[in-house]
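Novice: Predicted model follows, preceded by the sequence.
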Amino acid sequence: MARPLAQGISLGDLIDRFGGALQGGEPSRRVRRLAPLATAVEGDLSFLAAARMRPSAARSGASAVIVSSALADALPAHTARIVVDDPYAHFATVARWFAAQLEAPPAGVRIDPTAVVSGAATIAGDARVGPGCVIEEGAVVESGATIGAQCYLGQRVRIGAGTLLHPRVTVLEDCAIGARAIVHSGTVIGSDGFGFAREDGRWAKIPQLGAVVIGDDVEIGANCAIDRGALDDTVIGNGCKLDNLIQIAHNVRIGEHTALAGCVGVAGSAVIGSRCMIGGSAGILGHLEICDDVVISAMSLVASSIDKPGFYSGVFPLMTNLGWERAAATLRQLPALRNRIRALERAAGANRAQEQGADGQSVIEPEE
Amino acid sequence: MARPLAQGISLGDLIDRFGGALQGGEPSRRVRRLAPLATAVEGDLSFLAAARMRPSAARSGASAVIVSSALADALPAHTARIVVDDPYAHFATVARWFAAQLEAPPAGVRIDPTAVVSGAATIAGDARVGPGCVIEEGAVVESGATIGAQCYLGQRVRIGAGTLLHPRVTVLEDCAIGARAIVHSGTVIGSDGFGFAREDGRWAKIPQLGAVVIGDDVEIGANCAIDRGALDDTVIGNGCKLDNLIQIAHNVRIGEHTALAGCVGVAGSAVIGSRCMIGGSAGILGHLEICDDVVISAMSLVASSIDKPGFYSGVFPLMTNLGWERAAATLRQLPALRNRIRALERAAGANRAQEQGADGQSVIEPEE
Amino acid sequence: MARPLAQGISLGDLIDRFGGALQGGEPSRRVRRLAPLATAVEGDLSFLAAARMRPSAARSGASAVIVSSALADALPAHTARIVVDDPYAHFATVARWFAAQLEAPPAGVRIDPTAVVSGAATIAGDARVGPGCVIEEGAVVESGATIGAQCYLGQRVRIGAGTLLHPRVTVLEDCAIGARAIVHSGTVIGSDGFGFAREDGRWAKIPQLGAVVIGDDVEIGANCAIDRGALDDTVIGNGCKLDNLIQIAHNVRIGEHTALAGCVGVAGSAVIGSRCMIGGSAGILGHLEICDDVVISAMSLVASSIDKPGFYSGVFPLMTNLGWERAAATLRQLPALRNRIRALERAAGANRAQEQGADGQSVIEPEE
């Protein structure tokens, strides 16, 4: 559960700060914590943004709820309402304010004495470096950035202003992260791309001499791996959001404001446009291009370029295992079944040509 | 290979401790190491639990083998037998005893001097903290817990009694792990959930204010990522077992004694019941519910709720690439092929209605 | 982008070192950096290895290009050519030389004073240990090996001569890595295998007593997890290359020079041959065997043994979501559709037996 604010905030103060119209409660009523409708209790602030949540709303113990006028009647009589046009966006704004109040005040030490920071690194006066960090020569940490405990910044790494690295992030030599980015624990930025040439049945390593360049306002989840380019850089554009356990291979380029869900793998030199959404565990093969505004379903494989915005899928539907065994076995015979249909059609056509007019579509060959 | 015990143990002592009937060997015979039948040599103890292992058993060099009476004849004459009802369960018990003997005796230092432990953290008198750890204020490490080298425990983290964190585990603020749990290296618990609202074509971050609550007797593999809840908590119930590289998104709830194999991804707010088994690399979409006692095949995608216990699959069968190209091409035509079959049936029905009685099933429309 | 060499190298010197014939430029012309054709500028050396790159070549600003005689005409007049038989292999050799020049000269300190190294560990005189490392008793680091910052080496770990561990690699007790290997950041070697026995609805842990043995010249990417064996060892043969985020379960054995792309999961006791190539996000079930020289497509699941070299695939093709919905719905009916085709064939055969000679194949039952 979210932690409560020690003092809380009055509904009147909330409305002064963020807007909305108060109904069914006094401005002096205080809320201390954010909670979902179903588990909210006295002192909690919740939100109601979808009609399907009406049953939870009717039973909610929240002291106050952010709600649209259309759904305000769904709440119990004792609940105060903050009526707004877009309850979810309003709640998100309020939540960011709560989160800021809950953050620990900066500790006394700016660069923890247990951090190993090269004398040839540049740490901005108001940046923070946690315990156990290692920062190599030539690295630059810009104003207001926070380097969590046990992070590693290689030579000539650049961390932009206001960026937050959670504990145990690794950024290897020459890689750069823009401003106001967030990187979660365990993620590795700048590992070598997977580049080998086959020589006499063995794999000879191709040096990976490029870097990783990450834009502003990017968020990258936990335990991701983002490889450096072979010669050029791997590039992740402004505003992109990557979930956990994502693999980005060398020379990949991703546009702006594209979101990748967890466990996605993107192979080398793939180019992904802006404002795309890639579902969880999807795969994107290398050396192809996906245009802007493409949505890929979870667990689908993109094996060739996509040049039309749209929603694409390719995943075997779930069945009972018995049903699946039958479907899978028949799937292997699919080309043969198609030939048998053709043969039946030919045979039928031979002695029933007069019927084609009535059902012509049945003999149109579909495009392959 | 497993390491040998310096002293070993006599078969008589083994039977005194764990039961079983000795056949074909002296109680004074000693075994020093556990090994599989195929690679066991003089001094090794092995087990035979399945008839298909008879060939390995016949050639085994083990000094002694745990075996059922039904399979005892499969072993060479020189092999001592410990005859029990359930050889695999018996072997597991014996193996836990061997493992306990092999564990390094606790080193002299209880809290390594290189660990950075907040004065406002609470470490039980018999807990252990390895070198390079960082433990923040308010964290609690309960009796008998072991925090491996280079772990990070955030503010107000709670680690239950007897729990073992292997080196380099990250547990972020406010997350809690129960008693007797095991977490493997590289795993991150409490990274932010992937929560964003689209605002003017950009993604605005929704603060992730909940935590992760992990029950007793849970084991979590290496390099997993388990996100904190948005408002409520992400919950993993008692006795669950998670393999490596698993992604658990925010607000997921998993019941008790459920096992997830490696590389599984579970999306936000999914609810998984108790005693389920989720195959490797399977995906589970968000905001759905899987009831108790469900088994999902490897690499299958669960895209909607499952309310009946059972075994479910959905994966494209492997073929030669040529066969796959043909099947995949035809798969795109499947709806058209179905229409063509319908047309053929209609045409056949028009001039051969008398045959339907003999083969009525062919015109029953299958459920969609 | 790759960093430039401070001094650069003359084309004459390059040819003296690595061969090739100079055309269209003076031996004294210097190049300082490697760059792809499309982004190369004055002072850069590039390569042209495929006819499809002709357009990039024609516009390239590179000072010199490694090229075959067949493609030498594709370059602008001002570009110097180094003409060789195999431009890509030649470039790879040159790139390894550039990479060696770019590497930081070894810093002054051999074992960083912040590393926590057991007095009972053995570190070769010319090996290097980075800041924040923890190395336990009995560990051996052989000649010329480099242990990056914040690595963890457990008891009795062995790191072979010339092997490089990037920062934050974890190698747990008793595991061994051969000579000249490279392991990238975040990878965990020697986590427990996923071994449990079901006892009264709960999972009882089977101790994992084996280790991991990794051969010479192996490269392992970032954030992988390689489990120790249950009794025997998990084995990765000489020359294997593993990309990022790969899961290798207990007792897996992989031959020599096999390559696994990112996000692959291999389940317990699987045996993979030599010179195989496993595509990204593919899955390999446990207790099966894949022979030498097998290629598996990205995202395919290997569910049974493969005993013939070849190229295998099994992945649902990508479609528009609407097309996919139709194909997926029909897929569930596939066995029923097959029955309907059979019925049509039987019916057609009953009254059109005379046509079978002309189209006999339509009634041959394909193998299942």
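Specialist: On my side now, so go ahead.
Novice: Could you list everything residue A:129 pairs with in the sheet?
Specialist: residue A:111, residue A:147 (DSSP bridges).
Novice: need the contact list for it.
Specialist: Shown in contact with residue A:129 (Cβ atoms under 8 Å, 6 or more residues apart in numbering or on different chains): A:110, A:111, A:112, A:115, A:117, A:123, A:135, A:141, A:147. All C-beta atoms are positioned from the backbone trio N, CA, C, and that covers glycine.
Novice: so how many other residues sit close to the nearest residue to residue A:241 once chain neighbours are set aside?
Specialist: Leaving aside its chain neighbours, residue A:241 sits nearest to residue A:259 (4.5 Å; criterion: Cβ to Cβ, 6 or more residues apart in numbering or on different chains). By other Cβ atoms under 10 Å in any protein chain shown, 21 other residues sit near residue A:259.
Novice: Could you measure from residue A:259 over to chain C?
Specialist: Residue A:259 sits 17 Å away from chain C, going by Cβ to the nearest Cβ, to the nearest Å.
Novice: these two touch, right, that residue and residue B:196?
Specialist: Yes: judged on Cβ atoms under 8 Å, residue A:259 makes contact with residue B:196 at a distance of 7.1 Å.
Novice: Give the residues shared as contacts by these two.
Specialist: The contact sets of residue A:259 and residue B:196 overlap at A:241, B:203 (Cβ under 8 Å, 6+ apart).
Novice: Flag the shaky bits of chain A, pLDDT-wise.
Specialist: A:104-108, A:350-368 (pLDDT under 70).
Novice: Show me which helix runs longest in it.
Specialist: When chain A is parsed with DSSP state H, its longest helix is helix A:334-351.
Novice: so what does it touch, helix or strand wise?
Specialist: helix B:321-332, helix B:334-352, helix C:334-351 (3 or more Cβ pairs under 8 Å, 6 or more residues apart in numbering or on different chains; DSSP states H and E).
Novice: In CSV, list the C-alpha atoms belonging to that helix.
Specialist: Provided in CSV are the C-alpha atoms of helix A:334-351 (Å, rounded to 0.1, in the frame of the first residue of the first chain):
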residue,chain,number,x,y,z
LEU,A,334,-2.6,-27.2,-43.8
PRO,A,335,-0.9,-27.0,-47.2
ALA,A,336,-2.2,-30.5,-48.0
LEU,A,337,-5.7,-29.6,-46.9
ARG,A,338,-5.6,-26.6,-49.2
ASN,A,339,-4.7,-28.8,-52.1
ARG,A,340,-7.5,-31.1,-51.2
ILE,A,341,-10.0,-28.2,-51.2
ARG,A,342,-8.7,-27.1,-54.6
ALA,A,343,-9.1,-30.6,-55.9
LEU,A,344,-12.7,-30.8,-54.6
GLU,A,345,-13.4,-27.4,-56.3
ARG,A,346,-12.0,-28.6,-59.5
ALA,A,347,-14.0,-31.7,-59.4
ALA,A,348,-17.1,-29.9,-58.4
GLY,A,349,-16.5,-27.4,-61.2
ALA,A,350,-16.1,-30.1,-63.7
ASN,A,351,-19.6,-31.4,-63.2
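Novice: For ChimeraX, write the selection for the buried entries among the contacts of residue A:129.
Specialist: Those of the contacts of residue A:129 that count as buried under 16 or more other Cβ atoms under 10 Å in any protein chain shown are selected in ChimeraX with:
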select /A:111,112,115,117,123,135,141,147
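Novice: Now do the longest helix of chain A and helix B:321-332, the angle between them.
Specialist: 50 degrees (axes from the mean of the first three to the mean of the last three Cα atoms, to 10 degrees).
Novice: Flag every buried residue along helix A:334-351.
Specialist: For helix A:334-351, the neighbour count (16+ other Cβ under 10 Å) marks A:334-345, A:347-348 as buried.
Novice: which one of these is nearest chain C?
Specialist: Using Cβ to the nearest Cβ, residue A:343 comes nearest to chain C of the buried residues of helix A:334-351, at 3.0 Å.
Novice: And stretch A:306-324, how far out from the chain middle?
Specialist: 21 Å (Cα atoms, centre = their mean, to the nearest Å).
Novice: Let's see the distance spanning that stretch from one end to the other.
Specialist: 30 Å (Cα to Cα, to the nearest Å).
Novice: May I see the buried residues of it?
Specialist: A:306, A:312, A:313, A:314, A:315, A:316, A:317, A:318, A:319, A:321, A:323, A:324.
Novice: Present the buried residues of helix A:334-351 as a markdown table; the columns should include distance to residue C:78.
Specialist: Shown next, in a markdown table, are these (distance: Cβ to Cβ, whole Å):
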| residue | distance to residue C:78 |
| --- | --- |
| A:334 | 56 |
| A:335 | 54 |
| A:336 | 59 |
| A:337 | 61 |
| A:338 | 57 |
| A:339 | 59 |
| A:340 | 63 |
| A:341 | 62 |
| A:342 | 59 |
| A:343 | 64 |
| A:344 | 66 |
| A:345 | 63 |
| A:347 | 69 |
| A:348 | 69 |
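Novice: Looking at the residues you listed, which one is closest to residue C:187?
Specialist: Within the buried residues of helix A:334-351, proximity to residue C:187 (Cβ to Cβ) peaks at residue A:334, which comes in at 40.9 Å.
Novice: can you pull the contacts of that closest one?
Specialist: Here residue A:334 is in contact with B:326, B:327, B:330, B:331, B:334, C:334 (Cβ under 8 Å, 6+ apart).
Novice: Between the residues you listed, which sits nearest residue A:238?
Specialist: Among the contacts of residue A:334, residue B:331 lies closest to residue A:238 (Cβ to Cβ), at 38.7 Å.
Novice: okay, now the closest one: neighbour count?
Specialist: 25.
Novice: Make sure it is actually in contact with residue C:327.
Specialist: Yes: under the criterion of Cβ under 8 Å, residue B:331 is in contact with residue C:327, at a separation of 5.9 Å.
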